[in-house]
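Peer 1: Let's see this in three dimensions:
(one chain, ligands or ions: 2)
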Amino acid sequence: MTAVSAPATQHTADTGLAAALTDAERQRILAKSALFAPPSGVLPDGRRELVGLSREEMTQALLEIGEKPFRTKQLWHWIYHQGVTDFERMSSIARPLQAKLAERFVIGRPEAATVQTSNDDTRKFLFRFRDGQEAETVYIPDRREDRGAVCISSQVGCTLSCTFCHTGTQKLVRNLGAAEIVGQFMAARDSYGEWPSPRGETPRLLSTIVLMGMGEPLYNYENIAKAMKIIMDGEGIGLSRRRITLSTSGVIPMMDQCGSELGINLAISLHAVRNDLRDEIVPLNRKYPIEELIAACRRYPAASNARRITFEYIMLRGINDSEADARELVRLIAGIPAKVNLIPFNPWPGSSYKPSTREQLAKFAQIVMDAGFASPIRMPRGRDILAACGQLRTESQRERRNQPA
Ligand code: SAH
Ligand code: SF4
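Peer 2: Ligands and ions are numbered 1, 2, ... in the order given. From the prediction side, this is the model:
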């Protein structure tokens with residue numbers, strides 16, 4: 001894990017203490033995250049999964065079977081550029097070595113248990129992993145151009161329980177591993193036949209990633225970071241960090257590290273501008289309140305005028321959608337290179353909120369716009385197949401461990 005230095009500030013005793021506290025908190029989060037680790041990448045027959053290994057790990061795995069490090073570059077190309085899952089198709093590798101690799105390794109994909117395509121062409125995949133756990137991934141094609149976003153899950157379930165979110169009603173089962181995170185993207189690509197990876201500016205259908213599916217990505221930081229580094233590697237999938245956005249409900253201690261280590265775009269699930277309301281609808285706010293969250297956004301290393309932070313704001317009728325709320329919102333984020341994404345509430349079975357009226361949405365958006373922030377309204381996509389924001393949930397359940405009989 002790369003060490004991250006504290007943001008440049010005056011070296012007073014206070015800032016030193018704050019940095020030490022943040023560091024301790026970060027260690028605590030990483031340790032807790034390890035308790036929900038995914039299963040190992042070794043199959044019952046002893047073969048090892050290659051997807052999800054860093055280049056260094058792949059080289060190590062090859063050395064262990066007596067192969068030279070330069071093979072990593074070859075394998076990486078076949079796996080991540082060509083999208084090949086069968087060693088026999090690796091034509092630059094001699095047959096005997098192909099057979100040896102197939103005996104020791106596997107290049108897997110999560111199994112698509114169901115695939116549903118919405119009447120607006122949004123496609124939702126329910127992926128089943130090796131241990132039977134499941135998570136959902138959504139491909140949202142652009143309405144006008146041949147490109148689109150893949151919304152990727154980071155956990156099975158979520159520890160947080162935002163009151164408007166369907167995933168939040170499902171307990172955290174476990175974190176997804178790097179292989180499962182990269183695997184969601186690769187399997188979605190299989191579904192559109194988008195291999196080999198389009199290079200550079202060549203148009204591609206699966207052109208952006210939003211880490212906005214099930215779970216809190218900053219509570220599974222190490223697997224997310226490993227997966228994103230694989231996806232950004234220029235000799236493979238080669239997606240630019242500018243095309244990846246991570247959404248967090250506000251896990252402040254991990255935000256700096258995400259910005260300096262990955263440099264990807266950040267989206268903040270803000271949803272309320274007063275601590276009393278945010279405490280209620282985004283309970284993580286009790287730990288990391290609004291002022292601290294906004295301060296962490298101001299120092300986010302990868303933000304600039306060209307790469308603005310997105311504030312996501314779900315519009316709940318009569319709860320957080322008043323004009324006073326809109327004015328407070330623009331006061332809070334003044335000076336941050338930001339845009340505000342207004343999200344109409346998407347209902348799910350058992351939810352009790354109502355979406356804001358069109359008029360209220362328009363009034364709210366106007367105030368934000370007048371203050372100089374872009375305020376696109378996120379059109380719900382895939383509602384008919386429960387694929388829209390906040391509608392994802394699976395039947396996966398946490399096994400009862402260490403429970404008395
Ligand atoms: N845990 C992370 C990422 C996943 S949620 C986070 O909370 O940011 C992705 C986005 O969907 C968040 O902005 C979330 O607040 C929003 N969302 C959740 N439930 C929703 C619903 N019912 N309707 C619309 N958006 C919702
Ligand atoms: Fe978890 Fe995000 Fe849903 Fe909140 S909105 S419960 S953090 S997935």
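
Peer 1: For burial, what's the neighbour tally of Leu21?
Peer 2: Neighbours of Leu21 under the rule other C-beta atoms under 10 Å: 11. Yep, even glycine has a C-beta here, placed from its N, CA and C like the rest.

Peer 1: continuing past the strand or helix carrying it, what's the next helix or strand?
Peer 2: For Leu21, the host element (DSSP states H and E) is helix 13-34. Using DSSP H and E, the helix or strand that follows helix 13-34 in sequence is strand 48-49.

Peer 1: which strand residues sit across from the most centrally placed residue in the chain in the sheet?
Peer 2: Residue closest to the mean C-alpha point of the chain, counted by C-alpha atoms, centre = their mean, is Leu211 at 2.1 Å. For Leu211, the beta-bridge partners are Leu246 (DSSP bridges).

Peer 1: residues contacting it?
Peer 2: Ile152, Ser154, Pro217, Ile224, Ile244, Thr245, Leu246, Ser247 (C-beta atoms under 8 Å, 6 or more residues apart in numbering).

Peer 1: Setting aside sequence neighbours, what's the nearest residue to Pro355?
Peer 2: Phe345 (4.3 Å; C-beta to C-beta, 6 or more residues apart in numbering).

Peer 1: Tell me which helix or strand in the chain has the weakest average pLDDT.
Peer 2: Using mean pLDDT, DSSP states H and E, helix 13-34 stands out as the lowest-scoring helix or strand of the chain, at a mean of 83.

Peer 1: Next, see if it gets close to ligand 2.
Peer 2: No - using C-beta under 6 Å from any ligand atom, helix 13-34 stays clear of ligand 2, with a minimum separation of 13.9 Å.

Peer 1: before we move on, back to that, which residues touch the residue nearest to Pro355?
Peer 2: Taking C-beta under 8 Å, 6+ apart, we find Phe345 in contact with Phe164, Ile314, Met315, Leu316, Arg317, Tyr353, Lys354, Pro355, Ser356, Gly390.

Peer 1: Switch those residues over to TSV; also include pLDDT and distance to Arg128.
Peer 2: Compiled in TSV, the contacts of Phe345 are given as follows (pLDDT from 0 to 100; distance: C-beta to C-beta, whole Å):
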residue	pLDDT	distance to Arg128
Phe164	96	27
Ile314	97	29
Met315	97	34
Leu316	98	33
Arg317	97	37
Tyr353	96	31
Lys354	96	34
Pro355	96	32
Ser356	97	36
Gly390	85	22
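
Peer 1: same for ligand 1: which of those residues are within range?
Peer 2: Residues of these in contact with ligand 1 (C-beta under 6 Å from any ligand atom): Phe164, Ile314, Gly390.

Peer 1: didn't the last one look like it was pressed against Thr163?
Peer 2: No - here Gly390 does not reach Thr163: they are 10.7 Å apart, not a contact under C-beta atoms under 8 Å.

Peer 1: what about these two, which has more around it?
Peer 2: Counted by other C-beta under 10 Å, Gly390 and Thr163 do not tie: Gly390 has more neighbours, with 22 against 16.

Peer 1: Flag the shaky bits of the stretch 251-400 of the chain, pLDDT-wise.
Peer 2: Of all residues in the stretch 251-400 of the chain, those with pLDDT under 70 make up the ranges 399-400.
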